[in-house]
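**Student:** no sequence on this one, just coordinates:
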Ligand SMILES: Nc1ncnc2c1ncn2[C@@H]1O[C@H](COP(=O)(O)OP(=O)(O)OP(=O)(O)O)[C@@H](O)[C@H]1O
């Protein structure tokens, strides 16, 4: 059999039959020097074109400086550079936001590309098992782009043909350690590509204060805290259902209250109704006047949920054949049913008949409610299936600190932990409850890659202020 193999060592390769009576040695075909030269020249030109395409600014600066030095001498080059740096720094000083955007972050991205990622790329991906050797030749995924901001590096990678993003998810720990980052999250924006997100500094290390009330009534999305990029994070509440899971003290309350806070102006003008189910009586009762309906006993909770189902069915009857989605109006406001510790009403409920009524109403609301403007936002500590069998009916899910790694995928869906949603690693400090509280991974229906967010802390004083400012009870639905 004729087999092509590169390398001079092939000459020494022999293989034998088990009794060594027959010895095979490969045939070596010598490649003419001209072919080798042409191939290397081609690679050089292709590499140069690629470098100019990917790093135009760096190439222009390097090329310009080299030309200046060779034509006018290094002294002139130093003067031109000095003048250029002063002009750019004065401009960046006058317009800092533009300076950061157009100078500082691109320069940092380039530096991180050169110093951290390009320098170590081949060795790290090889050790992480993401490189391949095919017919004696090594292949590595293509490091295409690095974009850095104050908090994270986003590394865009063209995968090798035939690779899947799951392989990168499995190797996320190796990549994080390899590039000296605290973690690595994987997302795949399009087939054949992955984006590796390496946090450099934690934007979410500090407590996020309660968000300001919206200037105008908003119903669809609510500013609930801060994203990993240091920007406000808006959670969609209308047209979906949200499940919030976290161990005790993880800060579930901060999600519930941040949503309530963001919806208060809309509630005041009659576009939103807040219905609260508070079986623990420890959380939502504190802001009782902010809710249009409030229930604490299991019987009242069952009745309220069935009431929400009735509203939902009445709207469905009216909308049938007329419209396909809900637009909040004073007549048909968006109803958000907020359930704190839903397991009290489901798994831990002793009365079987009551439990069945509650489960049936919750299942009906979560399967049919969103199109007619009835949403459910439920919080719970224990995400196991026997505790909340309908957890998959919540399109959007939030995992705060969880006790066990398996719980992450139970809340966020399969593969979420491999993709970097390390909710079981969120910091905690028994001496300081604010450490790690509110820090969460969010997985949305329309964006399956988990994102890291910290919910704003709505303190007791904030809730008192909300009650003072917004407790005018409007006509309940
Ligand atoms: N977003 C946050 N930022 C900082 N600290 C927070 C945040 N949320 C909560 N905390 C702190 O953590 C404590 C516990 O929060 P919270 O009661 O909301 O947790 P929980 O998940 O609802 O717990 P449980 O299930 O036991 O009720 C709060 O008293 C507060 O000190």
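**Tutor:** Arrived safely, thanks for sending. What you see is a predicted model, and the numbers here were worked out from it, not measured in a lab. Numbering: from 1, shown residues only.
**Student:** C-alpha from now on. contacts and neighbour counts both.
**Tutor:** Will do.
**Student:** buried set for the longest strand along the chain?
**Tutor:** In the chain, assigned by DSSP state E, the strand with the most residues is strand 447-455. Within strand 447-455, the residues scored as buried using 16 or more other C-alpha atoms under 10 Å are 448-455.
**Student:** Over to stretch 218-233?
**Tutor:** Buried residues in stretch 218-233, counted by 16+ other C-alpha under 10 Å: 218-230, 232-233.
**Student:** just the residues you listed: which has the poorest pLDDT?
**Tutor:** Lowest pLDDT among the buried residues of stretch 218-233: residue 229, with 83.
**Student:** is the longest strand of the chain up against the ligand anywhere?
**Tutor:** Yes - judged by C-alpha under 6 Å from any ligand atom, strand 447-455 comes into contact with the ligand at residue 455.
**Student:** mean confidence score for that strand?
**Tutor:** 88.
**Student:** Okay, now the sheet partners of it, with direction.
**Tutor:** For strand 447-455, the pairing partners within the sheet under DSSP bridges are strand 221-227 (antiparallel), strand 439-444 (antiparallel).
**Student:** Residues in contact with the longest one: which ones?
**Tutor:** Around strand 221-227, the neighbours that count as contacts under C-alpha atoms under 8 Å, 6 or more residues apart in numbering are 203-204, 208, 210-211, 232-238, 255, 258-259, 262-263, 451-456.
**Student:** Quick check: helices, which of those residues are part of them?
**Tutor:** If you go by DSSP state H, the contacts of strand 221-227 have 255, 258-259, 262-263 in helices.
**Student:** picking up where we left off before, pick the one among the buried residues of stretch 218-233 closest to residue 274.
**Tutor:** When those are compared for distance to residue 274 (C-alpha to C-alpha), residue 219 comes out closest, at 11.7 Å.
**Student:** For the closest one, give me its contacts.
**Tutor:** Residue 219 neighbours (C-alpha under 8 Å, 6+ apart): 237-238, 263, 266, 271-272, 328, 334.
**Student:** go with 10 Å
**Tutor:** Residues near residue 219 by C-alpha atoms under 10 Å, 6 or more residues apart in numbering: 236-239, 262-267, 271-272, 327-328, 333-334.
**Student:** With residue 467 instead?
**Tutor:** Each residue near residue 467 by C-alpha under 10 Å, 6+ apart is listed here: 261, 264, 286-291, 461.
**Student:** Which parts of the chain are helices?
**Tutor:** Assigned by DSSP H, the chain shows helices spanning 33-54, 56-72, 74-94, 96-99, 105-112, 119-127, 165-170, 172-178, 252-268, 298-319, 352-368, 405-412, 460-470.
**Student:** of the ones you listed, which approaches the ligand most closely?
**Tutor:** Set against the ligand and scored by C-alpha to the nearest ligand atom, the helices of the chain come closest in helix 252-268, at 3.6 Å.
**Student:** mean confidence score for that closest one?
**Tutor:** Taken as a whole, helix 252-268 has an average pLDDT of 95.
**Student:** Repeat that for stretch 95-112.
**Tutor:** Taken as a whole, stretch 95-112 has a mean pLDDT of 91.
**Student:** Can you mark which positions in that stretch are buried?
**Tutor:** Neighbour-count burial for stretch 95-112, counted by 16+ other C-alpha under 10 Å, picks out 99-100, 103-110, 112.
**Student:** do the same with stretch 143-151
**Tutor:** Using 16+ other C-alpha under 10 Å as the test for burial, stretch 143-151 gives 143, 145-150.
**Student:** Next, format those as JSON lines and append distance to the ligand and pLDDT.
**Tutor:** Below are these laid out as JSON lines (distance: C-alpha to the nearest ligand atom, whole Å; pLDDT from 0 to 100):
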{"residue": "143", "distance to the ligand": "36", "pLDDT": "94"}
{"residue": "145", "distance to the ligand": "34", "pLDDT": "92"}
{"residue": "146", "distance to the ligand": "31", "pLDDT": "95"}
{"residue": "147", "distance to the ligand": "28", "pLDDT": "94"}
{"residue": "148", "distance to the ligand": "26", "pLDDT": "94"}
{"residue": "149", "distance to the ligand": "24", "pLDDT": "90"}
{"residue": "150", "distance to the ligand": "21", "pLDDT": "88"}
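**Student:** Any chance of CSV for those, columns distance to residue 136?
**Tutor:** CSV is the format used below for these (distance: C-alpha to C-alpha, whole Å):
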residue, distance to residue 136
143, 22
145, 28
146, 30
147, 33
148, 35
149, 39
150, 41
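**Student:** Let me see the contact set for residue 214.
**Tutor:** Taking C-alpha under 10 Å, 6+ apart as the criterion, residue 214 is in contact with 222-223, 261-266.
**Student:** So which bits of the stretch 201-350 of the chain are right by the ligand?
**Tutor:** Listed as neighbours of the ligand in the stretch 201-350 of the chain under the rule C-alpha under 6 Å from any ligand atom: 207, 246-254.
**Student:** Now residue 321. Its backbone dihedrals?
**Tutor:** Backbone torsions of residue 321, given as degrees, to the nearest 10, read phi 80, psi 0.
**Student:** for the protein, what helix or strand is lowest in average pLDDT?
**Tutor:** Counting by mean pLDDT, DSSP states H and E, the chain has its least confident helix or strand at strand 15-16, which shows a mean of 62.
**Student:** now residue 205, nearest residue through space, not along the chain?
**Tutor:** Nearest in space to residue 205, with sequence neighbours left out and distances taken as C-alpha to C-alpha, 6 or more residues apart in numbering, is residue 436 at 7.5 Å.
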